[in-house]
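Chemist: The following block contains a protein sequence and its predicted model.
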Amino acid sequence: MIEDVTPETVEALFRRGDGSYLCARWGRPIVPVVFGVEDETLGILKGAIEAVVGLAGHKMAETDAELGANLMVFFCRDWAELLEVPNLDRLVEGLGPLVARLAEAEANQYRVFRFDEAGAIRACFVFLRMDADMLEVPAATLALSQAVQSIVLWSDRAFAQSSPLGLANGVAVLRPEIGAVIRAVYDPTLPDVAQDDSHALRVFARIGGPQ
């Protein structure tokens with residue numbers, strides 16, 4: 001059993017700020033595309049996504065029948081740059097007001113999830129503004145963090161106090177308990193989406209054994 005994991009700690013990862021419980025996983029293979037980075041960083045980011053998808057036991061694909069790509073990662077220096085991306089306003093409803101809110105809050109990252117009729121994740125849009133703080137983060141660390149936060153719909157408070165990553169010999173790695181939760185959430189006997197906190201008990205029951 002992973003140390004320090006309890007049903008309560010699992011539940012907290014999916015208990016939202018409004019008190020509701022919501023956990024959703026991808027209901028289709030993930031097809032990533034990255035905009036605004038050099039080839040070296042592109043390879044690092046896609047490698048991190050592949051690693052986390054493999055950890056989950058989920059699948060990737062070359063194309064998504066509906067969107068072409070369904071995990072889109074955008075790097076920018078200024079939020080206003082997003083308004084210049086062709087057709088992005090068709091993919092992200094309310095893009096203009098969102099950009100205004102992000103700029104006012106001086107945010108440096110934001111994720112928008114879209115869901116299918118059953119409630120499973122069908123698309124995720126990741127926006128990263130490379131401010132001074134973000135530029136100090138190693139590319140591999142940034143890539144792994146974004147991959148982890150995109151593989152599951154976590155609570156809006158899940159990582160407010162602590163990162164999903166830790167350090168091992170000075171290198172950023174996924175915290176074992178977070179990796180265990182991801183694996184458990186993708187157990188084929190669990191549903192793609194859950195809104196009852198009994199789901200946390202079912203996830204906890206699947207955490208254990210050799211890691």
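Modeler: All right, it came through fine.

Chemist: The residue nearest the centre of the chain: what secondary structure?
Modeler: In the chain, the C-alpha closest to the average C-alpha coordinate belongs to residue 150, at a distance of 1.4 Å (Cα atoms, centre = their mean). At residue 150 the chain is in helix, as set by DSSP: H, G, I helix; E, B strand; the rest coil.

Chemist: Looks like it contacts residue 125 (just checking).
Modeler: No: with contacts counted by Cβ atoms under 8 Å, residue 150 stays clear of residue 125, the gap being 9.4 Å. Bear in mind the C-beta positions are built from the backbone N, C-alpha and C, glycine included.

Chemist: Quickly list what's touching both of those two.
Modeler: In the contact map built from Cβ atoms under 8 Å, 6 or more residues apart in numbering, the residues linked to both residue 150 and residue 125 are residue 111.

Chemist: if you go through this protein in chain order, where are the strands?
Modeler: 23-25, 32-35, 71-76, 109-115, 121-129, 152-153, 165-168, 171-174, 193-194 (DSSP state E).

Chemist: For the ones you listed, could you give me TSV that also reports distance to residue 45 and mean neighbour count?
Modeler: Output for the strands of the chain, formatted as TSV (distance: least, Cβ to Cβ, whole Å; neighbours: other Cβ atoms under 10 Å):
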stretch	distance to residue 45	mean neighbour count
strand 23-25	20	24
strand 32-35	5	18
strand 71-76	6	22
strand 109-115	13	16
strand 121-129	10	21
strand 152-153	18	23
strand 165-168	15	13
strand 171-174	14	16
strand 193-194	26	19
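
Chemist: Of all the ones you listed, which one comes closest to residue 159?
Modeler: Of all the strands of the chain, strand 165-168 sits nearest to residue 159, with 9.2 Å by Cβ to Cβ.

Chemist: Residues contacting that closest one, please?
Modeler: Outside of strand 165-168, the residues that reach it under the criterion Cβ under 8 Å, 6+ apart are 141, 144, 145, 148, 172, 173, 174, 175.

Chemist: Show the pLDDT at residue 38.
Modeler: What the model reports as pLDDT for residue 38 is 85.

Chemist: The one 3 residues further on too?
Modeler: According to the model's per-residue confidence, residue 41 sits at a pLDDT of 86.

Chemist: Next: residue 154.
Modeler: 97.

Chemist: next one: residue 208
Modeler: 63.

Chemist: now swap in residue 136 and tell me
Modeler: For residue 136, the pLDDT comes out at 93.

Chemist: And it, how far from residue 32?
Modeler: Applying Cβ to Cβ, to the nearest Å, one obtains 24 Å for the distance of residue 136 from residue 32.
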